Structures are given as structure tokens and as C-alpha cells.
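> this one's sequence-less:
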């Protein structure tokens, strides 16, 4: 419950407004072009709900939990992306001369490279944090800087990465 208090509600409201607008646009385009038998608004709304659910799920995770799953998630998505090369046509069809999507029954297709973007962000963030902690250990840094009125008065051996 405390994690929901930390949630950026202006972001949630913005996403709900953008989702409603996108559903309206998809509906208006499917009404104008009656050549399509299925309604795209149902798919749009379904994927929007899935995305919001994933967003809420990830927002409930602690940053330490995201750090722990960073590398395994990255390697899983890289393996799924590389698996497209050897996947049979029944699982990963070639569409527009590209084999980039897994076919999932009742949902459509899944492109693992989209998830690779998120996994890459987690891993790069983790590497940057580890590098910064290695270069700049937090040894009395805030107390020491509080005593230094000017950076010129600080000893040269003190790390300058703060």
C-alpha cells in the first residue's frame, strides 16, 4: 500500500487519457474502413490493460528487486530474441521478410526486441550504479563536504565525483 502512495498519479492520469484517445482513434479508423471484420478497439483496449497491469506490477517492485532480476531478465530476452533465428515457422512466422515475432495463440504476436529495450535499461542502470559506487564510496562524504565551505579547501585526495 505504501508503494501506491509513491506512484506518480499525474503519470497514471496522463496514460489513461492517452489510452482513451488512442482507443477513440482506433475505433474511428475501424468504423471508416469497414473492410476489416474484427474490431481493433478490443485488441487495443486489451493490450492497453495488459500494459497498465505490467506498469503497476513493476511500480510495486522495490529498486533492489529490479537490480536482482536485471541480468537474468536481460539474458532471457536476449535468448528469446536469438531463438527467433532457429524457431520453426509454426512458432515464428516470417512477416515482410523478417522473422521477428513469436505467434501466441489468442493474443497475436510478440516481439521480444521490444522487451529487450526495457531489459537493457535495467542492466545499464545497474552497471552505472555499480561503477559509481566503486569509484565514489560513500565514506563520510556528506559530512566531509559539509565542513568544506569551498571545493578548493578540500584535500586533493578526496574524490571529485560528487
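That came through, no problem. From a predicted model like this one, the values you see are computed outputs, not experimental measurements.

> which residues of the chain fall in strands?
All strands of the chain, identified by DSSP state E, fall at 102-104, 108-110.

> right, and residue 108 touches residue 40 too?
No: taking contacts as CB atoms under 8 Å, residue 108 lies outside contact range of residue 40: 11.1 Å. C-beta coordinates here come from the backbone N, C-alpha and C atoms, glycine included.

> The residue positioned nearest the centre of the chain and residue 74, how far apart?
For the chain, the residue nearest the mean C-alpha position is residue 118 (3.5 Å; CA atoms, centre = their mean). Separation of residue 118 from residue 74 (CB to CB, to the nearest Å): 9 Å.

> now swap in residue 15 and tell me
For residue 15, the distance to residue 74 (CB to CB) stands at 25 Å.

> Pick out whichever of those two has more residues nearby.
A direct count of neighbours by other CB atoms under 10 Å for residue 15 and residue 74 places residue 74 higher, at 20 against 14.

> just checking, the more buried one touches residue 122?
Yes: if you go by CB under 8 Å, residue 74 and residue 122 touch, sitting 7.0 Å apart.

> lowest-confidence stretch among the strands of the chain?
Comparing mean pLDDT across these, the weakest is strand 108-110, with a mean of 81.

> Centre of the chain to it, how far?
18 Å (CA atoms, centre = their mean, to the nearest Å).

> other SSEs contacting that strand?
In this structure, strand 108-110 packs against strand 102-104, with contacts taken as 3 or more CB pairs under 8 Å, 6 or more residues apart in numbering; DSSP states H and E.

> Name every strand pairing with the strand it packs on and say which way it goes.
Within its sheet, strand 102-104 is paired with strand 108-110 (antiparallel), according to DSSP bridges.

> contact partners of the strand it pairs with?
Residues outside strand 108-110 that contact it (CB atoms under 8 Å, 6 or more residues apart in numbering) are 43, 95, 101, 102, 103, 104.

> List the buried residues for stretch 104-115?
112, 115 (16 or more other CB atoms under 10 Å).

> Ends of it, what's the gap?
Using CA to CA, to the nearest Å, the end-to-end distance of stretch 104-115 comes out at 16 Å.

> any weak-confidence spans in the chain?
Applying pLDDT under 70 to the chain flags residues 1-4, 31-38, 136-162.

> Cheers, nothing more for now.
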